[in-house]
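Chemist: Need coordinates for the below:
(one chain, ligands or ions: 2)
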Amino acid sequence: MAKPKVAIYWNASCGGCEEAFVDLAEDILKVVKAVDIVLWPVAMDFKRTDVEALKDGELAVAFLNGAVRTSEQEDWAKLLRRKAVLVVAFGSCAHLGGVPGLANLHDRKSIFESSYGSLPSVDNTAGTVPQRTTRVPEGELELPEFYDTVYALDQVIDVDYYLPGCAPPPNLIMEAITAILSGKLPPKGSVLAPAKSLCDTCPRNETKPEKLEIARIKRPHETMLDPEKCFLAEGVICTGPATRSGCGERCINANMPCRGCFGPTEAVRDQGAKFLSALASIIATEDPAEMEKVAESIPDTTGLFYMYSLPSSLLTRKKTATK
Ligand code: SF4
Ligand code: SF4
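Modeler: Numbering: from 1, shown residues only. Ligands and ions are numbered 1, 2, ... in the order given. Prediction:
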């Protein structure tokens, strides 16, 4: 019997999600035995024409990682949506926009001005910036359109399931593949990870006082972090209260606070706003001036609270002169 066909594709991502498949270690042999991988640009030499030649719905599943920031990425997402029965948004960037989504604090014009102009390492006296088309003796070269806004995958195509994390851990990937192959899937739109918050599963939770109050926010390098104490109890920001569990407390176990890569829990619409409200409730002052001082001690509030989720948040992007 023919094996189910699977595609793995990357959009605006760092490549870490590709590594996550390799991190399956010997389990990857089970995957390869059970499915027929027909697209995986990082590892195998299939072409777009190979995918175009498939019948619509011929792929059992397409795992797409990365956010969508160019017209080429949008094209690929739409092509794979057409060819696949199931589309899984794989990893934080496809799920929520991820770290590339922080570019929504800028627009194309300012990104180009910085990347091809004002950065100290750039030598571009001619002021050349990428163009959609360039004429050369051999013909016309074409580049994809670079969008003003970075999108999460479900802002561009219909998504069936989400595998969260930067990157998703091997056990959740294997559970997702097993569920897909056995047809034992939760309702469409589910995030394939536990519903609890990270604080609920965190080994440091019992050191979090009943009434938590912090007078000053410290950055991780400004203090000796107790390897057993809740970060918030030490005055260090940890987004565990607003973040879904399932990562195996990876950062916590490395004595670093959570930054929210698993996204919000089911009950939360906007992860950054949820954490902001949780933080506001534990600042140990009623004095607005003191509160202001505490807020100012956080160097990059949006970058911290929306590190992985700005495009899919209620804010989506910063309003700029051109957007
Ligand atoms: S705030 Fe962070 S360290 Fe504290 S219990 Fe929650 S996840 Fe653990
Ligand atoms: S601790 Fe937080 S940031 Fe770290 S892997 Fe888990 S969910 Fe992601």
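
Chemist: can you list the residues of the stretch 201-323 of the chain near ligand 1?
Modeler: On the criterion CB under 6 Å from any ligand atom, ligand 1 has as its neighbours in the stretch 201-323 of the chain the residues 202, 204-205, 208, 230-232, 238, 240-241, 252, 257-258. For every residue, glycine as well, the C-beta is placed using N, CA and C.

Chemist: Show the contacting residues for the residue of the chain found nearest ligand 1.
Modeler: Residue of the chain nearest ligand 1, by CB to the nearest ligand atom: G240 (2.3 Å). Neighbouring residues of G240 by CB atoms under 8 Å, 6 or more residues apart in numbering: 197-199, 202, 231-232, 252, 257-258.

Chemist: Repeat that for I282.
Modeler: Counting by CB under 8 Å, 6+ apart, I282 has contacts 212-214, 232.

Chemist: which pair in these spans the largest distance?
Modeler: E213 and L232 (10.0 Å; CB to CB).

Chemist: Strands along the stretch 1-150 of the chain, start to end?
Modeler: Ranges of strands within the stretch 1-150 of the chain are 5-10, 36-39, 59-65, 68-70, 84-90, 133-136, 139-142, 146-151, based on DSSP state E, counting those that start in this stretch.

Chemist: which of the residues of the stretch 201-323 of the chain next to ligand 1 tops the neighbour count?
Modeler: Neighbour counts for these peak at G240, which has 29 neighbours (criterion: other CB atoms under 10 Å).

Chemist: So for the residues of the stretch 201-323 of the chain next to ligand 1, which is the shakiest by pLDDT?
Modeler: For these, the weakest pLDDT value sits at K208, with 86.

Chemist: For ligand 2, see how far away it is.
Modeler: Counting by CB to the nearest ligand atom, to the nearest Å, the separation of K208 from ligand 2 is 15 Å.

Chemist: ditto for V61
Modeler: 24 Å.

Chemist: mind listing what that residue touches?
Modeler: By CB under 8 Å, 6+ apart, the neighbours of V61 are 4, 6-7, 84-88, 180.

Chemist: Show the buried residues in these.
Modeler: Buried members of the contacts of V61, counted by 16 or more other CB atoms under 10 Å: 4, 6-7, 84, 86-88, 180.

Chemist: Greatest separation within those: which pair is it?
Modeler: P4 and V87 (14.2 Å).

Chemist: contacting residues for G139?
Modeler: No residues are in contact with G139 under the rule CB under 8 Å, 6+ apart.
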